[in-house]
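Student: 3D model of this:
(one chain, ligands or ions: 1)
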Amino acid sequence: MGRKSKQKQQDPTPHQPRQAHGTRVTKRKAKEVAVGNASKKSKQSNSIKQAKLPRKPKDPESSPSIHSSDEEDLEALQDLGSDDASIHDDDEYDLDAASDDDMPQQPPQQLVFSDEEEDSDEGSDDDEEDEEDDSDMSDDDDRPVKEKLSAKKSKKLDELALLEAADAEAEMIRTNISTLQPEEMAELDDDMVLPTEEDKEREAVEGADAQTVYGRIRDIVRILGDLRRFKATNRSRADYTQQLIADISSYYGYTPFLAEKLFSMFSPDEAIAFFDANETPRPVTIRANTLKTRRRDLAQALINRGVSLEPIGKWTKVGLQIFDSSVPVGATPEYLAGHYMLQSPSSFLPVMALDPQPNERVLDMASAPGGKTSYMSALMQNTGVVFANDANAARTKSLSANVHRLGCKNVVVCTYDGRQFPKVIGGFDRVLLDAPCSGTGVVSKDQSVKVNKTERDFALLSHLQKQLILCAIDSINTKSSTGGYVVYSTCSVTVDEDEGVVDYALRKRPNVKLVHTGLEFGVEGFTNITGKKFHKDMHLTRRFYPHVHNMEGFFVSKLHVQPRSVVKNKLAQGEKDDDDSGKGVLVDDEDDQPDVTFNDDEDKELMQKNQRRKQKAKGVKPSK
Ligand SMILES: C[S@@+](CC[C@H](N)C(=O)[O-])C[C@H]1O[C@@H](n2cnc3c(N)ncnc32)[C@H](O)[C@@H]1O
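Tutor: You can find the predicted model right below:
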């Protein structure tokens, strides 16, 4: 790999924006004092983009940033059922994606294993770093080594002092801003931050100046943070928000539609942190395959090959983060022998939530290329059976290859459309539905997501996800003595694909309850957002974000499927569940075996028929 990626995979710690420099040309003196300086600070703490931004992508088809292969992808996206274009794997890495420049350099730590494995001293390459440092000194410098070192140290100290001074100045600017009185702000011109019509036209034709746009983004975020105080007299929240979304779209390169969709999920400043984090590659991580090795032994073997690594965090006993490697991590003898899987930490989470037990019967409904299947197999210690299904036959090749390489002997690979379950086979103790999704959580890995999804694609995807989740629920053996759980996950952060789908399932299946995922961290799912109200237990679901957890965006929910007779009895006793919105279907099957589908319209017809029959029996003229 030959590169450094020392951005530590943290137990949820905030993403640090990259440093950049630049000044914004301000129009008025007042602006220079009040906001221009603040812009300077904001630009200092954020990434430099190219001098000119591409013109705003108006729609996916006309977007200038789509290259030819993206256009092909776009075409392929039309068939959302099982094509690759709509599929986002959280497991597959582009090992060359992370660049040295992007990664904050941190000294490697000693290995500390959370699973009571012995500590290892070999993870540290401090000495190596020192050597590198010394080599900075030129050969013709014949001062004594000690003197050279202290000169070097003092240079470093000077640099530190400069950074501190910049921080202090920024803090002063912040303080100044916050001491401005509303009447002082009111005196400022209304074009202080928002561009004039003329500016907008020029930006549309010539492309906007990146520094200007980023400065404006920061300024608007600050104004929206305290609108009453900072807004210009003749401007409204909507004016600022509209401009902010337009600027996000042009600065980060999202379609206006997607920029708005994602923006609406966060407060303005958190939205910017999210968009910033999507510009930085996530750390490279691997999962030790406990069917073949122990994490400690694997770490040692890789360290011996020149890999610098560390355990990911306390929450996983099998994850390792790779900082640097002199060998390709995807082709070491240990990799080929199946001792590990290249896997992003966010994709460990659904499997941890599913918590499959030895000897169970488990379905992985959309499983290729098998990162989660193989983890399940390992947790089940190669006992029981995992049905690894994927509708895309081509993708099951890599699934089968991974299953073989990793020594998973309890896996059966199949290629059905997930919507055919449980007709094909049912009665599972647990089902994982890691659904096909838009991939808005993995933008840092696949930048094409920014431009290749239309409103229609999102609608089609959530429709497919809703169909799949009902089939996943119906594939559960509700009498399972050990399980009865469905985990629904996506690598997308949009509400329509996450809470919207789970909420739909809860309404359609009264015998299903949300339960805690068992995951130690993550942000609670939404119960209420942008006018949409979801089930009150939705807070039990978990969201993972790049800017909060330094991992790809992910959604994880866990559902317990109860026998329908229990729900039926409860309803009969008037113990109507709080979560039953009244739209759930009351099932009346004798043997409590899962039906293939529940159909509201069909059920309505049956109920009406029944009512008419009863009325007839009572001698009442049946209503139409
Ligand atoms: C997010 S990926 C799954 C990643 C996988 N769980 C893993 O951990 O490696 C979604 C998968 O859904 C599959 N898929 C799409 N539509 C499907 C359907 N109708 N039924 C079953 N699988 C489907 C895609 O082929 C894709 O492999």
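Student: residue 403: what's it in contact with?
Tutor: 370, 373, 374, 377, 388, 411, 413 (C-beta atoms under 8 Å, 6 or more residues apart in numbering). In short, each C-beta sits where N, CA and C put it, glycine included.
Student: if you could redo that for residue 420, that was the one I meant.
Tutor: By C-beta under 8 Å, 6+ apart, the neighbours of residue 420 are residue 471.
Student: how much space between it and the ligand?
Tutor: 8 Å (C-beta to the nearest ligand atom, to the nearest Å).
Student: before we move on, what about residue 499?
Tutor: Between residue 499 and the ligand the distance is 18 Å, computed by C-beta to the nearest ligand atom.
Student: just give the number of residues close to that residue.
Tutor: 24 (other C-beta atoms under 10 Å).
Student: returning to that earlier point: list just the nearest of the contacts of residue 403 to the ligand.
Tutor: Comparing those against the ligand with C-beta to the nearest ligand atom places residue 370 closest, at 5.3 Å.
Student: surely that closest one touches residue 398?
Tutor: Yes: the pair residue 370 and residue 398 passes the contact test of C-beta atoms under 8 Å, sitting 7.1 Å apart.
Student: more neighbours: which of these two?
Tutor: For residue 370 and residue 398, the more surrounded residue by other C-beta under 10 Å is residue 370, and the numbers stand at 31 against 16.
Student: who does residue 307 bridge with?
Tutor: residue 325 (DSSP bridges).
Student: contact partners for it?
Tutor: Contacts of residue 307 (C-beta under 8 Å, 6+ apart): 322, 324, 325, 326, 327, 329, 332.
Student: just send those residues back as JSON lines, with neighbour count too.
Tutor: As requested, those are exported to JSON lines (neighbours: other C-beta atoms under 10 Å):
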{"residue": "322", "neighbour count": "22"}
{"residue": "324", "neighbour count": "20"}
{"residue": "325", "neighbour count": "21"}
{"residue": "326", "neighbour count": "11"}
{"residue": "327", "neighbour count": "15"}
{"residue": "329", "neighbour count": "20"}
{"residue": "332", "neighbour count": "18"}
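Student: just the closest of the residues you listed to the ligand, please.
Tutor: residue 329 (17.8 Å).
Student: touching, that closest one and residue 335? I think so.
Tutor: Yes: Residue 329 lies in contact with residue 335 (C-beta under 8 Å); the separation is 6.9 Å.
Student: which neighbours do these two share?
Tutor: Joint contacts of residue 329 and residue 335 (C-beta under 8 Å, 6+ apart) are residue 342.
Student: based on its surroundings, how many neighbours for residue 272?
Tutor: When neighbours are counted by other C-beta under 10 Å, residue 272 comes out with 25.
Student: my read: it touches residue 222, true?
Tutor: No: using C-beta under 8 Å, residue 272 makes no contact with residue 222, being 10.6 Å away.
Student: re earlier: out of the contacts of residue 403, which touch the ligand?
Tutor: Among those, the residues lying close to the ligand (C-beta under 6 Å from any ligand atom) are residue 370.
Student: dump the contacts of residue 403 into TSV; add pLDDT and secondary structure as well.
Tutor: Shown next, in TSV, are the contacts of residue 403 (pLDDT from 0 to 100; DSSP: H, G, I helix; E, B strand; the rest coil):
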residue	pLDDT	secondary structure
370	98	coil
373	98	helix
374	98	helix
377	98	helix
388	98	strand
411	98	strand
413	98	strand
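Student: shaky segments in the protein?
Tutor: Flagging of the chain using pLDDT under 70 yields the residue ranges 1-191, 574-604, 606-607, 614, 623-624.
Student: per-domain residue ranges of it.
Tutor: According to automatic domain parsing, the chain comprises the domains 193-278, 283-343, 345-565, 596-624.
Student: I'd like these laid out as a markdown table, including distance to residue 571.
Tutor: Shown next, in a markdown table, are the domains of the chain (distance: least, C-beta to C-beta, whole Å):
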| stretch | distance to residue 571 |
| --- | --- |
| domain 193-278 | 35 |
| domain 283-343 | 39 |
| domain 345-565 | 8 |
| domain 596-624 | 14 |
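Student: out of those domains, indicate the one that is most buried.
Tutor: Stretch with highest mean neighbour count among the domains of the chain: domain 345-565 (a mean of 21; mean count of other C-beta atoms under 10 Å).
Student: now do that one: distance from first to last residue.
Tutor: 39 Å (C-alpha to C-alpha, to the nearest Å).
Student: C-alpha coordinates for stretch 323-343, CSV please?
Tutor: Provided in CSV are the C-alpha atoms of stretch 323-343 (Å, rounded to 0.1, in the frame of the first residue of the first chain):
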residue,chain,number,x,y,z
PHE,A,323,-2.5,3.1,9.2
ASP,A,324,0.3,2.3,6.9
SER,A,325,1.6,-0.7,5.0
SER,A,326,4.5,-1.6,2.8
VAL,A,327,2.6,-4.5,1.3
PRO,A,328,-0.8,-4.6,-0.4
VAL,A,329,-3.3,-5.4,2.4
GLY,A,330,-5.6,-7.1,-0.1
ALA,A,331,-3.0,-9.6,-1.2
THR,A,332,-1.0,-10.7,1.8
PRO,A,333,-0.6,-14.5,2.5
GLU,A,334,-2.9,-14.0,5.5
TYR,A,335,-5.5,-12.3,3.3
LEU,A,336,-5.4,-15.1,0.8
ALA,A,337,-5.5,-17.7,3.6
GLY,A,338,-8.8,-16.1,4.8
HIS,A,339,-7.5,-14.7,8.1
TYR,A,340,-9.3,-11.4,7.5
MET,A,341,-11.8,-9.5,5.5
LEU,A,342,-11.3,-5.9,4.3
GLN,A,343,-14.4,-4.5,5.9
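Student: any part of that stretch near the ligand?
Tutor: No: applying C-beta under 6 Å from any ligand atom, one finds stretch 323-343 separated from the ligand by no less than 8.0 Å.
Student: thinking again about what came up before, ok, which pair from the contacts of residue 307 is furthest apart?
Tutor: 324 and 332 (14.1 Å; C-beta to C-beta).
Student: which residues in the stretch 251-400 of the chain form strands?
Tutor: Remark: strands assigned in the stretch 251-400 of the chain by DSSP state E, counting those that start in this stretch are 284-288, 307-311, 319-325, 340-342, 361-364, 385-389.
Student: packing partners of the third one?
Tutor: So the one you mean is strand 319-325. Helices and strands touching strand 319-325, by 3 or more C-beta pairs under 8 Å, 6 or more residues apart in numbering; DSSP states H and E, are strand 284-288, helix 295-304, strand 307-311.
Student: again, only this time at 10 Å
Tutor: strand 284-288, helix 295-304, strand 307-311, strand 340-342 (3 or more C-beta pairs under 10 Å, 6 or more residues apart in numbering; DSSP states H and E).
Student: now distance to residue 228 too, for those, in JSON lines please.
Tutor: JSON lines is the format used below for the helices and strands packed on strand 319-325 (distance: least, C-beta to C-beta, whole Å):
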{"stretch": "strand 284-288", "distance to residue 228": "45"}
{"stretch": "helix 295-304", "distance to residue 228": "53"}
{"stretch": "strand 307-311", "distance to residue 228": "47"}
{"stretch": "strand 340-342", "distance to residue 228": "50"}
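Student: closest one to residue 499 among these?
Tutor: Of these, the one closest to residue 499 (C-beta to C-beta) turns out to be strand 284-288, at 27.0 Å.
Student: does the ligand sit close to that closest one?
Tutor: No: judged by C-beta under 6 Å from any ligand atom, strand 284-288 makes no contact with the ligand; its nearest approach is 11.0 Å.
Student: parallel or antiparallel, list what pairs with that strand.
Tutor: strand 319-325 (antiparallel), strand 340-342 (antiparallel).
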